[in-house]
Structures are given as structure tokens and as C-alpha cells.
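Undergrad: got a predicted model here, sequence first, then my questions.
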Amino acid sequence: MKKILIPVDFSEYSQCAVDYACQLIIANESQQELDLVHVFTNQSNLYVNRQLSPDLVDPQVEISKKEMKKLKEIIHIKYPNIVCHEIFKSGNLFEEVSKVTATFAYDAVIMGTKGTSGLEAIFLGSNTYDVILNTKTPVFGIPKNSDKFKKDRIGLLCNFKIAELEALQQAIKLFGKDFELILIHVNKEDKDIKAIDAQFKQWIDEIIAQTGIDNISYTVKAQVLYNHVVENISHAINNALIDEQIDIMLVTKSRKSFFRQIVGENIVRKLAYQMTVPTLFARVHAKS
């Protein structure tokens, strides 16, 4: 691991993301360093006449600098071996985070999310949603109550696509290989279970060969078990998270991934309300 980036607004949500990230770094026994970025998203609206008074200073700047100093002091007390760097930007959150990640190959952007509804804040906040969809860096969403890093069981939304191997390589970079991988497949087309089992056997052999992960199991959720068409996939996924006791969910953002299917079917908001585990949105380049 090289370095991770954490957007902070000094709320309890970003503090949760900071704690999780620090524990992740320590568990990985890697170079213990992270960047904290605060973006002034409404600064330009506060002083419409500041061109007439160039010495006019936004008081929020000084407040945020004090909050950043306090946050770094807390990190130093709780995690004394971790080195923190501060970054201040003014503008749109998505654009500024994209600029920062373009200048350095971060392993991940780790972002706090709002409340027990998991990724609600990420999906309903358009700027942060844009970070997930468009950044070239993996984005790791951390729900408020998930401040304890745990990686015993990592779930992967599985559609038997090459992009999933690339996503797993990104996960290995962050978490190592010491975890059980649970492949989660939603049987959207109601295929014969024997055919799916055969497909899984071949796919698991490929995962082992390409990644070295060999502690792998899988679960198949049948879409027909759910009544409301729009909610089928989201319900199936969230039931799998509960049934399999998943610690971290891994989602690919390739065009043919479940994530893209969810966006296309307009149920992403429903999924966001219910997903309550830390979720890594891997950035993949594979076309299939």
C-alpha cells in the first residue's frame, strides 16, 4: 500500500472513515501515511463582493484549519505511527478529489457515509456519487457504525466477468489475501442451478490462478423469490450480506457489472438505503 486519501468535513461520519482507514493501514503493516483533504464547497457563495475587498477572508477557512489541526492531533494520539498530511481545496467536491487523485496514484479514496443506512449519503449526495462513478481511484464507502476494520469475509458481486479479477487485485492491495472470499451471484435469468454450479467451479479455478486467493465459497440468490420487480436485485444482494455475514463488499464498476445493472434499473437508491457494510467500488478497465 502506498497512500490513501480521505475527504473530511470534520463530522462524525468522516471521523468514522478516518478511524477505519487508520486501522486498515495498521493491519496491512504498510507504509503508514494518509492524506486528509477538505474541500470548501460553498466558499465562493459567501463573499460575492470579495473582488472589491481582496483582503476579505472567509472565516470558515480559519475554522476548518483549526478543525484539521484537532483531527490530526486525535489521529496522533490514537494512532501515533501514522503520518497525516493535510490538503485544502476550494470548489466542487468531485472535481477537486478527481484533481488530487490525478496527481498521485492513491490506493483508495475512503469516504464516510451517513448513518446506519449505509451508502445513502454517497448516493444521494450528487458530488460524492460522481466520485464513485468517475474517479480512476477505487472508492471505499464506510457506513457510520463500521468504525472497526474487519476483513474475515469479503463479498464480491459476481457475474463471471474479467473485470472482477481486476477488482480483486485492488482488494488484495488494500486487504492482503488473508480472508474468505464469498462470490455473490443473483440468478437474474433463472438459469438451471447445475449450470451455475459448473460455471462457478470454472470461475473459482480462474480466480485462484490469477489472484492466489484460494479460500472461496459462493452463494446464488434467485430473483424470483422477491415480489417487487424494481427491488429484486437490491433485496437479493442485501439478504446475501446478512446471510453470509459479509464484512466488506466489493463491487466492480465495469459496464457489465451488477453495479451498472443496478444503475440501469434505477434501484440504486433502494440499495443505498439498505447496504450497511463497508463497500469498495473498484475501478476496472476490462471491457468484459
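TA: Noted; the coordinates are in hand.

Undergrad: quick one: mean pLDDT over the helix or strand hosting residue 130.
TA: In the assignment (DSSP states H and E), residue 130 maps to helix 126-134. Taken as a whole, helix 126-134 has an average pLDDT of 65.

Undergrad: next secondary structure element downstream of it?
TA: Once helix 126-134 ends, the next helix or strand along the chain (criterion: DSSP H and E) is strand 139-142.

Undergrad: check the offset of that next one from the chain's centre.
TA: A distance of 2 Å separates the centroid of the chain from that of strand 139-142, by CA atoms, centre = their mean, to the nearest Å.

Undergrad: sheet-wise, list the partners of that strand with their directions.
TA: Counting by DSSP bridges, the strands paired with strand 139-142 are strand 108-112 (parallel), strand 279-282 (antiparallel).

Undergrad: check which helices and strands the helix or strand following it sits against.
TA: Later in the chain than strand 139-142, the nearest helix or strand by DSSP H and E is strand 153-157. With contacts taken as 3 or more CB pairs under 8 Å, 6 or more residues apart in numbering; DSSP states H and E, strand 153-157 sits against helix 163-175, strand 180-187, helix 232-243, strand 248-252. For glycine as for every other residue, the C-beta is placed from the backbone atoms N, C-alpha and C.

Undergrad: can I get these in JSON lines with mean pLDDT, mean neighbour count and distance to residue 25?
TA: As requested, the helices and strands packed on strand 153-157 are arranged in JSON lines below (pLDDT from 0 to 100; neighbours: other CB atoms under 10 Å; distance: least, CB to CB, whole Å):
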{"stretch": "helix 163-175", "mean pLDDT": "93", "mean neighbour count": "20", "distance to residue 25": "10"}
{"stretch": "strand 180-187", "mean pLDDT": "91", "mean neighbour count": "21", "distance to residue 25": "22"}
{"stretch": "helix 232-243", "mean pLDDT": "73", "mean neighbour count": "20", "distance to residue 25": "25"}
{"stretch": "strand 248-252", "mean pLDDT": "88", "mean neighbour count": "26", "distance to residue 25": "15"}
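
Undergrad: circling back: ranking the strands paired with strand 139-142 by mean pLDDT, which is last?
TA: Ranked on mean pLDDT, the bottom entry among the strands paired with strand 139-142 is strand 279-282, at a mean of 86.

Undergrad: contacts for that one, please.
TA: Under the criterion CB atoms under 8 Å, 6 or more residues apart in numbering, residues 108, 118-119, 132, 138-141, 166-167, 170-171, 174, 248-253, 259 lie in contact with strand 279-282.

Undergrad: quick one on the thing from earlier: adding mean neighbour count and distance to residue 13, write the strands paired with strand 139-142 out as TSV.
TA: Shown next, in TSV, are the strands paired with strand 139-142 (neighbours: other CB atoms under 10 Å; distance: least, CB to CB, whole Å):
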stretch	mean neighbour count	distance to residue 13
strand 108-112	26	4
strand 279-282	26	15
